[in-house]
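*Asks:* Take this sequence and fold it.
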Amino acid sequence: MANIKDSLSNVFTTLVNSSDKSISDKSISLDKNIETKKEILKNENIMYRSGIREFIKGTEADTKEGLKKSFMEK
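*Replies:* Residues are numbered from 1 along each chain as shown. So this is what the prediction gives:
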């Protein structure tokens, strides 16, 4: 009877230890995935903002050139 109890205890301990490791591995994997996605979003945000800045600069240049041309034509 004691032998069966020890065997069951060993099986239970093994199951608990393996599930803890599995949960830990999944948690680490999720953390890495989240960090990767944060980095991607940060880079996309930077590219988006720099694109808006370039668009505004281009629009200002177009407007200045347009004003110069229309003034010169008059």
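*Asks:* Can you give me the distance of Thr36 to Ser29?
*Replies:* From Thr36 over to Ser29 the distance is 11 Å, taken as CB to CB, to the nearest Å. Where you see a C-beta, it was placed from the backbone N, CA and C, and this is true even at glycine.
*Asks:* what's the helix or strand for the residue nearest the centre of the chain?
*Replies:* What sits nearest the mean C-alpha location of the chain, by CA atoms, centre = their mean, is Lys37, with 1.4 Å. Element membership for Lys37, per DSSP states H and E: helix 2-73.
*Asks:* what mean pLDDT does that helix have?
*Replies:* Helix 2-73 comes out with an average pLDDT of 76.
*Asks:* And for Ile40, the neighbour number?
*Replies:* 10 (other CB atoms under 10 Å).
*Asks:* meant to ask about Asp31, not that
*Replies:* Asp31, neighbours per other CB under 10 Å, totals 10.
*Asks:* With Asn33 instead?
*Replies:* Counted with other CB under 10 Å, the neighbours of Asn33 add up to 10.
*Asks:* quick one: it from Ser22, how far?
*Replies:* Counting by CB to CB, the gap from Asn33 to Ser22 is 16 Å.
*Asks:* swap in Ile56?
*Replies:* 51 Å.
*Asks:* Met47 now?
*Replies:* From Met47 over to Ser22 (counting by CB to CB), the distance is 38 Å.
*Asks:* go on, Arg53?
*Replies:* To Ser22, Arg53 is 47 Å away according to CB to CB.
*Asks:* ok, now Leu30?
*Replies:* Counting by CB to CB, the gap from Leu30 to Ser22 is 13 Å.
*Asks:* can you check Ser9 too?
*Replies:* Ser9 is 20 Å from Ser22, by CB to CB.
*Asks:* do the same with Thr14
*Replies:* Taken as CB to CB, the span from Thr14 to Ser22 is 12 Å.
*Asks:* what does Asp31 give?
*Replies:* For Asp31, the distance to Ser22 - CB to CB - is 15 Å.
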